[in-house]
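**Q** Sequence plus the predicted model coming up.
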Amino acid sequence: MMVEFFGAPGPMELLIIGVICLLPLAAVAVVLVVAYAGRSSRVGNPNLRPCPDCHLVVSIRAATCPRCGCPLSPPPGGRELGAGG
Ligand SMILES: [Zn+2]
């Protein structure tokens, strides 16, 4: 007398297997959404950017960081086509 557990699964088995398979994916999705939301909310203004040295949020027009004096690259949008010169 053998228990045919691996026979044709019923709808309940399929539902349970589906939930078990989807739970980790849902958890990962939640973590990614929370991480992305927290990261994007830190610098929401497109005119601001964090200093690469001290991570102070400064204006993109600032040539240097007002806190640590780290030189900041000019804002994108200028002429960057002269890469060969
Ligand atoms: Zn700085």
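**A** That came in fine, so what should we check first? Numbering: from 1, shown residues only.
**Q** Please make it C-alpha for all contacts and neighbour counts, starting now.
**A** OK.
**Q** Next one: the residue nearest to the spatial centre of the chain relative to the ion, how far apart?
**A** The C-alpha lying nearest the average C-alpha coordinate of the chain belongs to residue 36 (C-alpha atoms, centre = their mean; 4.0 Å). Counting by C-alpha to the ion, to the nearest Å, the separation of residue 36 from the ion is 23 Å.
**Q** Residue ranges in the chain under the pLDDT threshold?
**A** Across the chain, the ranges flagged by pLDDT under 70 are 1-6, 39-43, 75-85.
**Q** if we can go back for a sec, is the residue nearest to the centre of the chain located within a strand, as I assumed?
**A** No: counting by DSSP: H, G, I helix; E, B strand; the rest coil, residue 36 is located in no strand; its state is helix.
**Q** List the residues that contact it.
**A** Under the criterion of C-alpha atoms under 8 Å, 6 or more residues apart in numbering, residue 36 has no contact partners.
**Q** roughly how far apart are it and residue 10?
**A** Using C-alpha to C-alpha, to the nearest Å, residue 36 is found at 39 Å from residue 10.
**Q** Also residue 64?
**A** Residue 64 sits 66 Å away from residue 10 when distances are taken as C-alpha to C-alpha.
**Q** So between the two, which is more surrounded?
**A** With neighbours defined as other C-alpha atoms under 10 Å, residue 64 and residue 10 compare such that residue 64 has more, 17 against 8.
**Q** what's near enough to touch the closest residue to that one other than its chain neighbours?
**A** In space, and not counting its chain neighbours, residue 64 is closest to residue 71: 4.4 Å by C-alpha to C-alpha, 6 or more residues apart in numbering. Applying C-alpha under 8 Å, 6+ apart to residue 71 gives the contacts 63-65.
**Q** do residue 52 as well
**A** residue 70.
**Q** check which helix or strand covers it.
**A** Using DSSP states H and E, residue 52 sits in no helix or strand.
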